[in-house]
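Asker: following is a predicted model, sequence given first.
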Amino acid sequence: MADDQTPPAHHSSDTLLCQTLPCAAGAIGLITLNSPKSLNALSLPMLEAMLAQLADWESDEAIAMVVLCGAGERAFCAGGDVRFLYQELQASPERPERAEHFFAREYRLNYRLHSYTKPVVCWGHGAIMGGGMGLFQASRYRMVTPSLKLAMPELSIGLFPDVGASHFLNRLPGNIGMFMGLTGATLNIADALRVGLADFAVPEDGLPEMLQWLQREDWSGRVETNDQHLHGLLQRFASQYRLDLSESNLEHHEQFISRVCRGRDVVAVVNEILSADGDTDWFRKAQQNLAAGCPTSAHLVFEQLHRGLQLGLADIFQMELNMAVHCLRHKDFMEGVRARIIDKDQQPQWAHPDVASVPAGWVRSHFQSPWPEGEHPLADLDD
C-alpha cells in the first residue's frame with residue numbers, strides 16, 4: 001500500500017508498527033514486528049504496545065480483523081528477547097522482577113490473541129520459534145511460506161516450551177508435540193501443514209497481494225459474517241498457488257515418534273529417542289538437541305504436557321508462568337543463555353548431569369505458585 005494511503009500509526013514504536021488499512025468498507029489493523037536484525041525478537045515494549053493496540057482495535061467497530069506479520073526476510077519472530085532477560089537476571093538475581101514481568105505480559109498477550117473477538121491472520125515466514133510460536137498459534141488463521149522454520153527449542157537454554165505450548169503441542173497427532181518439546185525439532189512447511197500447526201501455504205512474497213485482496217472487500221457485517229467471508233477469501237487466495245509440499249521430515253518418523261513418546265517414564269522415552277538409529281539428518285539433529293539440552297527441561301516438558309491435558313487455557317498460562325518464574329530463579333536458564341547466546345561456547349554446565357539424575361521433587365517444585373494466594377499476575381484470566 002502506498003505511503004500516502006496509510007493513516008497515522010497508533011501504538012507504534014521503533015520495533016512495532018501498527019497501521020489501519022482502509023477497505024471497501026471497514027478496515028484492517030496491521031501489526032508488523034519491526035526488528036529484523038534480531039529476527040523480530042519480542043521485547044517488553046513490543047508486548048506492551050501490542051496489548052494496547054489490540055485493546056483499542058477490539059472496541060473499534062471499523063476494524064474487522066487484525067493481520068500480524070514480521071519485517072525482513074528471515075523471520076516472523078524467532079522468540080522472546082532472551083538477552084534482555086539475561087541482563088535483568090545479572091542485575092537482580094535475587095528478585096528479577098522485570099524479567100518476571102516480561103513473561104507475565106507475554107502470556108497475557110498470547111491469551112488475548114487466543115480469545116480475541118475479531119479474527120487474527122498471521123503471516124508466518126522464516127523462523128517461527130518460542131515466543132513467535134505463541135503469537136502464531138494464538139492466531140485464528142496461520143499462513144505459512146516455503147521458508148518456514150518452526151520450532152520450540154527452549155530445552156537448549158534451560159527453559160521449556162511456554163507461550164501456551166502446553167495447549168497447542170498437546171493438540172498435535174501421534175505425540176508429535178512431546179517430541180517437539182523434548183528435541184526442539186524444526187518443522188518445515190510440509191510438516192507444519194501435515195500436523196495442523198498451519199492452515200494455508202502461501203508464496204514468500206505474497207503478503208502485499210493478500211492485503212490487497214482483503215482491502216477490496218466490504219467488511220461491514222457482524223464479526224461472524226466477516227469471519228466466514230475471510231475464511232473463504234483466504235482459501236481462494238492460497239489455492240491460486242501450487243507450492244511443493246512433498247518434503248516432510250516428520251513423515252519418515254511418525255510411527256517411531258507415536259510409539260516412543262506415548263511412554264509414561266520420561267527417562268525411558270529420552271533414552272529410546274537417543275538410542276534410536278538416526279537415519280536422517282533431521283532426526284540426528286533432534287537427537288543432538290536432546291542430548292545437549294537441559295535435563296531439568298526434559299522433565300518440565302514431560303510434566304507440563306501431561307498436566308496440560310486436564311487444563312483450560314487460562315490455567316495453562318498460569319501454570320506456565322509459575323514454571324517460568326522458577327526457571328528464572330534457578331541457574332540452568334542463565335547458564336543455557338550464556339552458553340548458547342552470550343558466550344556461544346555451546347558448553348552449558350547444567351545443574352544435573354543427565355535426565356535420570358533430576359529429582360522428582362525438584363521437578364514438582366517448578367509447578368508451585370511463587371505468589372501468595374490471590375496475587376498471581378494472571379489470576380484474572382478467565383476461560
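Answerer: Okay, I see it. A quick note: this is a predicted structure, and the numbers were derived from the prediction, not measured.
Asker: what comes up buried for the helix or strand of the chain with the lowest mean pLDDT?
Answerer: The helix or strand of the chain with the lowest confidence, counting by mean pLDDT, DSSP states H and E, is helix 82-91 at a mean of 93. By neighbour count on 16 or more other CB atoms under 10 Å, the buried set for helix 82-91 is V82, F84, L85, Y86, E88, L89. All C-beta atoms are positioned from the backbone trio N, CA, C, and that covers glycine.
Asker: packing partners for that helix?
Answerer: In terms of contact count using 3 or more CB pairs under 8 Å, 6 or more residues apart in numbering; DSSP states H and E, helix 82-91 is assigned the packing partners helix 97-114, helix 331-337.
Asker: closest one to F179 among these?
Answerer: Comparing the helices and strands packed on helix 82-91 by their distance to F179 (CB to CB), the top pick is helix 331-337, with 20.2 Å.
Asker: right, and the helix or strand after that closest one?
Answerer: Using DSSP states H and E, the next helix or strand after helix 331-337 towards the C-terminus is helix 360-365.
Asker: packing partners for that following helix?
Answerer: helix 295-308.
Asker: what's the helix or strand that the helix it packs on is followed by packed up against?
Answerer: As assigned by DSSP H and E, the chain's next helix or strand after helix 295-308 is helix 313-329. With contacts defined as 3+ CB pairs under 8 Å, 6+ apart, helix 313-329 has these neighbours: helix 97-114, helix 165-168, helix 295-308.
Asker: got the helices and strands packed on helix 82-91 as JSON lines, with distance to E61, mean neighbour count and mean pLDDT columns?
Answerer: Output for these, formatted as JSON lines (distance: least, CB to CB, whole Å; neighbours: other CB atoms under 10 Å; pLDDT from 0 to 100):
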{"stretch": "helix 97-114", "distance to E61": "19", "mean neighbour count": "20", "mean pLDDT": "96"}
{"stretch": "helix 331-337", "distance to E61": "44", "mean neighbour count": "21", "mean pLDDT": "97"}
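Asker: low pLDDT regions in the stretch 51-200 of the chain?
Answerer: Scanning the stretch 51-200 of the chain for pLDDT under 70 picks out nothing.
Asker: kindly recompute the last result at 90.
Answerer: Across the stretch 51-200 of the chain, the ranges flagged by pLDDT under 90 are 91-96.
Asker: what residue is smack in the middle of this protein?
Answerer: Closest residue to the average C-alpha location of the chain: M133 at 1.8 Å, with CA atoms, centre = their mean.
Asker: and the contacts of whichever strand or helix holds it?
Answerer: Assigned by DSSP H and E, M133 belongs to helix 131-138. Under the contact criterion CB atoms under 8 Å, 6 or more residues apart in numbering, helix 131-138 has outside partners 40-42, 68, 70, 75-80, 106-107, 109-111, 113-114, 120, 122, 124, 128, 142, 150-152, 162-165, 168, 197.
Asker: same check on stretch 342-358?
Answerer: Identification of contacts with stretch 342-358 by CB under 8 Å, 6+ apart yields 83, 86, 158, 266-267, 270, 292, 294-296, 298-299, 330-332, 335-336, 338-340, 362.
Asker: quick check: closest non-adjacent residue to G26.
Answerer: W219 (3.3 Å; CB to CB, 6 or more residues apart in numbering).
Asker: let me fix that: W371
Answerer: P377 is the one closest to W371 (CB to CB, 6+ apart), at 7.4 Å.
Asker: with P153 instead?
Answerer: Leaving aside its sequence neighbours, P153 sits nearest to G184 (CB to CB, 6+ apart; 3.5 Å).
Asker: ok, now which ones touch that neighbour?
Answerer: A151, M152, P153, E154, L155, S156, A286, N289, L290, G293.
Asker: and the closest residue to V260 other than its chain neighbours, how many neighbours does it have?
Answerer: Take V260 and drop its neighbours on the chain: the residue closest to it by CB to CB, 6+ apart is E272, 4.8 Å away. Residues near E272, counting by other CB atoms under 10 Å, number 15.
Asker: point out the other helices and strands that the helix or strand harbouring E272 packs with.
Answerer: Following DSSP H and E, one finds E272 within helix 266-275. Where contact means 3+ CB pairs under 8 Å, 6+ apart, helix 266-275 is packed against helix 176-183, helix 254-260, helix 281-292, helix 295-308.
Asker: tell me the most buried of those helices?
Answerer: Mean neighbour count, computed with mean count of other CB atoms under 10 Å, is highest for helix 176-183 among the helices and strands packed on helix 266-275, reaching a mean of 27.
Asker: contacting residues around that helix?
Answerer: 151-152, 155, 160-161, 165, 168-172, 185, 187, 195, 250, 254, 257-258, 261, 269-270, 273, 286-287, 289-290, 293, 298, 301-302, 305.
Asker: separation between R364 and R222?
Answerer: 47 Å (CB to CB, to the nearest Å).
Asker: could you do L328 as well?
Answerer: L328 sits at a distance of 43 Å from R222 (criterion: CB to CB).
Asker: looking at the two, which one has more neighbours?
Answerer: Taking other CB under 10 Å, L328 and R222 do not tie; L328 has more neighbours (20 against 8).
Asker: so what's that one up against?
Answerer: With contact set as CB under 8 Å, 6+ apart, L328 has these partners: L85, L89, P96, A99, E100, F103.
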